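In: Have a look at this prediction, sequence included:
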Amino acid sequence: MLRCTSLRPAPRILALILTLASGSLAAGQVSVTTYHNDAFRTGWNSHEKSLTPTSVHSSSFGVLQTVALDDQVQAQPLVVPGVTITAGAFKGVHNVVYVATDNNTVYAIDTASGQVLLSPNFGPPVVKPLNCHIYNPDVGINSTPVIDLTSNTLYAMVYTQQTTGPAYFVHALDLGSLTDKVPPQLVAASHTLTNGTTYTFNATYEQQRPALLLANGNVYAAFGSFCDKAPSLSRGWVLGWQTGTLTPLSGNQITDTQATAPGQYFLSSIWMSGYGPAADDSGNVLLITANSDPSGTTYDGVTDIQESVIKLSPDLTTVLDLFTPSDEATLDENDTDFGSGGVMVLPDQTGATPHLAVAAGKEGNMFFMNEDDLGGFSTQTNNVLGTYAIGPCWCGESYFVDPKDNTARVVSSGGTSIQVWKLSTTPTPSLTNVISSAALKTVGTGFFTSVSSNGTANPVIWALTRPTGKQTTIYLYAFAPDLGVKAMQQLYLGTAGTWVVDGANTNLVPVVANGEVFVASYKELMIFGLKPKGKQKK
């Protein structure tokens with residue numbers, strides 16, 4: 001169902017979209033094979049029958065298993081039921097959650113028992129790259145992998161210390177054995193700068209933090225910097241490889257191709273707090289860039305595209321469209337990254353503007369855009385459909401359809417609270433805040449959510465708090481977005497792990513699948529679900 005420029009497909013039935021996007025459904029179970037559930041990054045699992053506003057409360061819902069891991073986890077877990085494990089001591093069919101750590105270990109874990117089925121390691125991680133403070137102390141698999149169920153392949157980006165220095169390798173792993181199906185592909189690329197010189201990808205200075213994207217028969221990865229420690233040597237890259245063979249795409253993108261800048265400060269990094277680039281119906285790739293030179297003078301929307309939502313062609317050769325806030329220079333000057341958040345593409349809507357997107361960043365404004373005409377750049381105004389205050393956002397939006405009116409909702413999570421926005425498509429698209437949560441036990445820089453429902457019935461919004469101090473507790477929340485009048489009804493609040501890196505934001509996302517919620521954090525995976533009948537409190 002790819003969108004083409006000459007002929008648009010009819011708006012799709014939302015339930016069908018999400019059934020296809022979430023992975024194959026086997027025996028009534030759902031797979032979560034990519035960051036935030038689908039390539040649009042909606043975060044919505046519309047096939048959850050067990051976890052409802054009635055069943056999710058502290059007397060009946062809680063921790064079922066806690067699994068020890070070898071390092072901190074920045075990546076989101078992925079879930080596939082009915083996997084035939086072909087290696088190790090636990091061969092046979094299992095429902096599996098896959099978790100990747102900063103020690104370059106990929107775990108396959110039985111979702112019911114918590115048994116570690118497989119845990120291969122793919123090389124030593126890079127210790128404290130450029131002395132970037134947000135790691136404890138190493139960086140390995142930092143981004144969320146992606147799974148292709150058509151070939152039973154898990155794609156992961158491994159950052160490893162070689163004798164010649166740090167290097168990235170793309171791996172294509174068999175789901176059943178977690179062994180390489182083809183030789184790992186060393187990440188290498190080059191691009192021409194404005195003065196005709198060649199700029200070469202250097203893994204020492206590039207951080208691969210955003211989730212991987214599977215689209216168009218390719219795996220895509222975006223790169224940023226390590227704490228902006230080497231702004232003269234780091235720029236934002238978008239690269240791709242063909243699935244199966246891992247053959248690199250001939251085209252790539254650098255978000256800053258300028259040869260000089262005040263203070264030789266480039267960047268325009270892509271990090272998005274771990275949120276993955278999105279793909280629209282046509283397979284175009286959408287992402288958000290962060291700050292460039294703090295002079296605020298280098299933006300031109302062509303050779304330096306900082307602080308912007310960017311739409312790239314599937315072959316990565318062309319910037320098709322962009323939106324840059326009118327205060328771009330101020331964002332650069334104050335390190336107020338628009339690119340601290342991700343961009344979510346909404347499923348097709350009725351009306352004259354069927355293709356929509358939302359994005360927010362550190363400044364705290366959520367921009368509502370026509371995905372077919374993102375808005376460009378003007379110093380006078382933001383040419384978007386709407387601008388909504390949500391609070392500082394190291395975050396990304398979620399989406400669901402509310403059963404009360406069968407109308408789309410956008411879930412924002414900037415600042416310390418969740419806000420739900422009702423979508424109106426006529427006469428022109430707009431968002432209206434309909435309900436909010438009370439403040440969560442979190443710092444005021446946003447957090448991540450997911451949504452579960454059974455079709456559109458019984459929606460539940462799940463959220464993880466963002467800790468920043470040493471040994472800080474992570475909390476899992478569940479809210480019913482359509483049962484309250486002014487504030488969402490809180491269904492559950494429980495401890496969901498810890499974080500130990502002082503001053504470092506986490507990028508953790510709750511994953512809901514088949515009656516369970518998966519939370520990976522520092523050296524552990526916690527699996528939540530409905531307690532056995534005998535252990536439920538009356």
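Out: Thanks, I have it.
In: what comes into contact with stretch 177-191?
Out: Outside stretch 177-191, the residues that touch it by CB atoms under 8 Å, 6 or more residues apart in numbering are 85-87, 106, 108, 118, 120, 122, 153-154, 157-158, 167-174, 198-201, 203, 221, 237, 239, 241, 244-248, 252-254, 257. In short, each C-beta sits where N, CA and C put it, glycine included.
In: Make a PyMOL selection of whichever of the residues you listed turn out to be buried.
Out: Of those, the buried ones can be selected in PyMOL as follows, counting by 16 or more other CB atoms under 10 Å:
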select buried, resi 85+106+108+118+120+122+153+154+157+158+167+168+169+170+171+172+173+199+201+203+221+237+239+241+246+248+252+253+254+257
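In: In strands, which of the contacts of stretch 177-191 appear?
Out: Assigned to strands by DSSP state E, the following of the contacts of stretch 177-191 qualify: 85, 106, 108, 118, 153-154, 157-158, 167-174, 198-200, 221, 237, 239, 241, 253-254.
In: Lowest average confidence across helices and strands of this structure, where is it?
Out: Least confident element among the helices and strands of the chain, by mean pLDDT, DSSP states H and E: helix 14-21 (a mean of 35).
In: what's the helix or strand following it packed up against?
Out: Heading C-terminal from helix 14-21, the first helix or strand you meet, by DSSP states H and E, is strand 44-45. In this structure, strand 44-45 makes packing contacts with strand 398-402, strand 448-454, judged by 3 or more CB pairs under 8 Å, 6 or more residues apart in numbering; DSSP states H and E.
In: now those strands in TSV, with mean neighbour count, distance to residue 96 and mean pLDDT?
Out: Written out in TSV, the entries for those read as follows (neighbours: other CB atoms under 10 Å; distance: least, CB to CB, whole Å; pLDDT from 0 to 100):
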stretch	mean neighbour count	distance to residue 96	mean pLDDT
strand 398-402	24	24	98
strand 448-454	25	19	98
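In: for those strands, which one sits closest to residue 278?
Out: Closest approach to residue 278 among the helices and strands packed on strand 44-45 is made by strand 398-402 (11.5 Å; CB to CB).
In: what sits up against the closest one?
Out: Applying CB under 8 Å, 6+ apart, the contact partners of strand 398-402 are 14, 36, 40, 42-44, 46, 344, 346-347, 407-411, 413, 422, 449-451, 453, 456, 459, 461, 481-482.
In: now with 6 Å?
Out: 14, 42-44, 408-411, 449, 451, 456, 459, 482 (CB atoms under 6 Å, 6 or more residues apart in numbering).
In: need those residues in CSV with distance to residue 376, can you?
Out: Rendered in CSV, the data for these read as follows (distance: CB to CB, whole Å):
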residue, distance to residue 376
14, 29
42, 26
43, 28
44, 30
408, 25
409, 28
410, 22
411, 27
449, 30
451, 31
456, 35
459, 35
482, 36
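In: Closest one to residue 429 out of these, please.
Out: Nearest to residue 429 out of those is residue 408 (CB to CB; 10.2 Å).
In: I'd like the distance from the nearest residue to residue 137 once chain neighbours are set aside to residue 295, if you could.
Out: With sequence-adjacent residues excluded and distances taken as CB to CB, 6 or more residues apart in numbering, residue 137 is closest to residue 128, at 4.7 Å. Note on residue 128: its distance to residue 295, by CB to CB, to the nearest Å, is 29 Å.
In: how close does residue 235 get to residue 293?
Out: Taking CB to CB as the measure, residue 235 and residue 293 are separated by 12 Å.
In: who's more crowded, these two?
Out: Set side by side, residue 235 and residue 293 show more neighbours around residue 235, with 28 against 23, by other CB atoms under 10 Å.
In: which residues of the stretch 301-450 of the chain fall in helices?
Out: Shown for the stretch 301-450 of the chain, the helices assigned by DSSP state H, counting those that start in this stretch span residues 328-333.
In: For residue 172, see how far away the residue nearest to residue 248 when sequence neighbours are not counted is.
Out: Distance criterion CB to CB, 6+ apart; nearest residue to residue 248, sequence neighbours excluded, is residue 241 at 5.4 Å. According to CB to CB, residue 241 stands 9 Å off from residue 172.
In: shaky segments in the stretch 351-500 of the chain?
Out: With pLDDT under 70 as the threshold, the stretch 351-500 of the chain has low-confidence stretches at 468-471.
In: and the end-to-end length of stretch 392-408?
Out: Between the opening and closing residues of stretch 392-408 we find a distance of 24 Å, counting by CA to CA, to the nearest Å.
In: Flag every buried residue along it.
Out: Buried positions in stretch 392-408, judged by neighbour count with 16+ other CB under 10 Å: 392, 393, 394, 395, 396, 397, 398, 399, 400, 401, 402, 408.
In: now that stretch, how far from the chain's geometric center?
Out: 16 Å (CA atoms, centre = their mean, to the nearest Å).
In: Over to stretch 375-392?
Out: So, by CA atoms, centre = their mean, the centroid of stretch 375-392 is 22 Å from its chain's centroid.
In: which residues are in contact with it?
Out: By CB under 6 Å, 6+ apart, the list of residues contacting stretch 375-392 reads 301, 323-326, 360, 362, 364-370, 412, 414-415, 419, 429-431, 445-446.
In: In PyMOL, how would I select the buried members of those residues?
Out: Selecting the buried subset of these in PyMOL, with 16+ other CB under 10 Å as the burial test, is done by:
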select buried, resi 323+324+325+360+362+364+365+366+367+368+369+370+412+414+415+419+429+431+445+446
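In: Secondary structure class of residue 64, three-state.
Out: In the three-state summary, residue 64 is assigned as strand, counting by DSSP: H, G, I helix; E, B strand; the rest coil.
In: is the residue nearest to residue 248 in a bridge, and if so with what?
Out: residue 219, residue 248 (DSSP bridges).
In: Please list all residues in contact with it.
Out: Applying CB under 6 Å, 6+ apart, we find residue 241 in contact with 170, 185, 219, 248.
In: Residues in a beta bridge with the first one, which ones?
Out: According to DSSP bridges, the partner residues bridging residue 170 are residue 157, residue 185.
In: any idea how far it is from residue 210?
Out: Summarising the geometry, the distance separating residue 170 from residue 210, computed by CB to CB, is 14 Å.
In: again, but for residue 92
Out: According to CB to CB, residue 92 stands 35 Å off from residue 210.
In: Run a quick neighbour tally on residue 227.
Out: Here the number of neighbours of residue 227 (other CB under 10 Å) works out to 15.
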